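Q: Make a model of this:
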Amino acid sequence: MQAIEGVTPDMIWNFGYTMLGLIAIIVCIEKIPDIIWKWKDRKRKAAEGPQANFADEICDKIMDKLEPRFAEIDNKLKADKARLESHEYAITGMHKAQADIYEGFSVLCYAMIAVLNHGIHNGNAAEMEDALNKLHEYLSRRKMAD
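A: The predicted model follows:
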């Protein structure tokens, strides 16, 4: 409390004024680059003359006319992308079906070879049972996949 006893109202006011002054200096320093850029921009535009502003206006008008067209093209591209993705899905399904058909064909060929061997060698039952088991395994996998 002894430190507070020596503080006068003038000291408090001086401290407040000092803080306000520091804040004002910080704000001014922060705004200086903006002021310089605006001044340089104004000076550049004056050097370019009215032709630069006219060209900017023409470009803006052209862009205003083209923006709906760009949006339309963007929508068409999105639709095309969706269509391509659906085709990719269909192609993937066809590849899977093709692999499945190939596997089924190979199992049937194996079974046919077993039948022919059975006919030639008069009752080779082990090959026939093996072919039958492979055919049942393939057909049960097919049934589960569907």
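Q: the helices in the protein, which residues?
A: Under the criterion DSSP state H, helices of the chain are mapped to 2-5, 9-48, 50-121, 125-145.
Q: Could you dump these into JSON lines and include mean pLDDT and mean neighbour count?
A: Just so you know, the C-beta spots here come from the backbone N, C-alpha and C atoms, and that holds for glycine as well. As requested, the helices of the chain are exported to JSON lines (pLDDT from 0 to 100; neighbours: other C-beta atoms under 10 Å):
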{"stretch": "helix 2-5", "mean pLDDT": "65", "mean neighbour count": "6"}
{"stretch": "helix 9-48", "mean pLDDT": "81", "mean neighbour count": "10"}
{"stretch": "helix 50-121", "mean pLDDT": "81", "mean neighbour count": "11"}
{"stretch": "helix 125-145", "mean pLDDT": "75", "mean neighbour count": "12"}
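Q: Other residues contacting stretch 108-122?
A: Residues outside stretch 108-122 that contact it (C-beta atoms under 8 Å, 6 or more residues apart in numbering): 124, 125, 127, 128, 130, 131, 132, 134, 135.
Q: mind redoing it with 10 Å?
A: 124, 125, 126, 127, 128, 129, 130, 131, 132, 134, 135, 138 (C-beta atoms under 10 Å, 6 or more residues apart in numbering).
Q: Dump it to CSV, restricted to CA.
A: Provided in CSV are the C-alpha atoms of stretch 108-122 (Å, rounded to 0.1, in the frame of the first residue of the first chain):
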residue,chain,number,x,y,z
LEU,A,108,-16.3,-76.9,-67.4
CYS,A,109,-13.3,-77.8,-69.6
TYR,A,110,-11.8,-79.6,-66.6
ALA,A,111,-15.0,-81.6,-66.2
MET,A,112,-15.2,-82.4,-69.9
ILE,A,113,-11.6,-83.7,-69.8
ALA,A,114,-12.5,-85.9,-66.8
VAL,A,115,-15.5,-87.3,-68.6
LEU,A,116,-13.4,-88.0,-71.7
ASN,A,117,-10.7,-89.7,-69.6
HIS,A,118,-13.4,-91.7,-67.8
GLY,A,119,-14.8,-92.9,-71.1
ILE,A,120,-11.4,-93.8,-72.5
HIS,A,121,-9.9,-95.5,-69.4
ASN,A,122,-13.1,-97.3,-68.4
